[in-house]
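Peer 1: Attaching a predicted model along with its sequence, questions to come.
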Amino acid sequence: MPNDTNQATETRSEAGDGQGAPGDDHADRIVVSYPEDLSKWGLFQLEKSSFRTYLLKVYDDVAVGDVWEEFLDVGCCGSAMDVSLHVEHLEGGTRINQETTLEYESRDSVEMEGSWQAQSEGGPKRA
């Protein structure tokens, strides 16, 4: 679910279905980046089909440069882990939906918050 700190650059579908109206400018492919110091667990969460489906439903009109602040599941024993996802590239139009291919790439490291210390080495840094 989106948190209250989502950037103003994003636009949510009022219908909430992420499908857009017929004839809209549909994006064939979108590339979204994540910080390269995201943990293996965080990357696993990004790659889950449920999270990909969520992103394609929640965001509607997008543009290169948009920043999506998202919460990643850290399990039952950890702190919240928020990650900034940046829209890096669009092919086709600017409206994404379940037909849009979503790809990830890493970007330069940033300091991240959150941990999962009770069940792992702690912290979101990759080993």
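Peer 2: Great, that's in hand.
Peer 1: For burial, what's the neighbour tally of the residue nearest to residue 51 when sequence neighbours are not counted?
Peer 2: With CB to CB, 6 or more residues apart in numbering as the criterion, residue 51 has its nearest non-adjacent residue at 6.0 Å, and that residue is residue 45. From N, CA and C alone the C-beta is placed, and that goes for glycine too. Neighbour count for residue 45, taken as other CB atoms under 10 Å: 20.
Peer 1: Okay, residue 45 and residue 62: tell me how far apart.
Peer 2: Per CB to CB, to the nearest Å, residue 45 is found 21 Å from residue 62.
Peer 1: Tell me who's in contact with the residue nearest to residue 51.
Peer 2: 51, 72-73 (CB atoms under 8 Å, 6 or more residues apart in numbering).
Peer 1: try it again with 10 Å
Peer 2: By CB atoms under 10 Å, 6 or more residues apart in numbering, the contact set of residue 45 is 38-39, 51, 70-75, 81, 83.
Peer 1: Can you tell me which of those residues are buried?
Peer 2: The neighbour count (16 or more other CB atoms under 10 Å) marks 38-39, 51, 70, 72-74, 81, 83 as buried among the contacts of residue 45.
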